[in-house]
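Enquirer: Here is the input, now give the coordinates:
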Amino acid sequence: MPGLLRGVARTAVVAGTATAVSNRVSRRQAGRWAQQDSEQQAAAPAPEAAPTASPEDDISSKIDQLKQLSDLKAQGALTEEEFAEQKRQILG
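Expert: You can find the predicted model right below:
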């Protein structure tokens, strides 16, 4: 019986240590991903204003810019307020 208890206790210690290490690695990796995301958002360039051209080219350019803004918003690089402000600037 003492051998059985020793084996169970040893298994519990090993499992507990493995869980603690795994949790620590997961938290560290999540922190790194969050840091990379914040760096990418800070480095993301703001969309440039389109140069004035013919009305047809101007509309096409505005549509392209709005699509790019929408993509950035979907990726989480822009907040709802930033998206609305940029959209307002593009549409005049």
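Enquirer: Need the three-state assignment for Trp73.
Expert: No, residue 73 isn't Trp; it's Lys. helix (DSSP: H, G, I helix; E, B strand; the rest coil).
Enquirer: I'd say it and Ala84 touch.
Expert: No - contact criterion Cβ atoms under 8 Å: Lys73 and Ala84 do not qualify, at 9.7 Å. C-beta here means a position set from N, CA and C on the backbone, and glycine is covered the same way.
Enquirer: More neighbours: which of these two?
Expert: A side-by-side neighbour count of Lys73 and Ala84, using other Cβ atoms under 10 Å, places Lys73 first with 17 against 13.
Enquirer: do you know how far the more buried one is from Gly3?
Expert: Separation of Lys73 from Gly3 (Cβ to Cβ, to the nearest Å): 62 Å.
Enquirer: ditto for Glu56
Expert: Look at Glu56 and Gly3: by Cβ to Cβ, they are 86 Å apart.
Enquirer: Walk me through the domains of the chain.
Expert: The chain breaks down into these domains under automatic domain parsing: 1-43, 45-92.
Enquirer: Give me the mean pLDDT for the longest one.
Expert: Spelled out, it's domain 45-92. Rounded to a whole number, the mean pLDDT of domain 45-92 is 80.
Enquirer: Off-centre distance for it?
Expert: Offset of domain 45-92 from its chain centre (Cα atoms, centre = their mean, to the nearest Å): 20 Å.
Enquirer: Likewise for the shortest one?
Expert: Going by Cα atoms, centre = their mean, the spacing between the C-alpha centre of domain 1-43 and its chain's C-alpha centre is 23 Å.
Enquirer: which residues touch the residue nearest the centre of the chain?
Expert: Note on the chain: the residue nearest the mean C-alpha position is Asp37, at 4.9 Å, using Cα atoms, centre = their mean. If you count contacts by Cβ atoms under 8 Å, 6 or more residues apart in numbering, Asp37 has them with Gly76.
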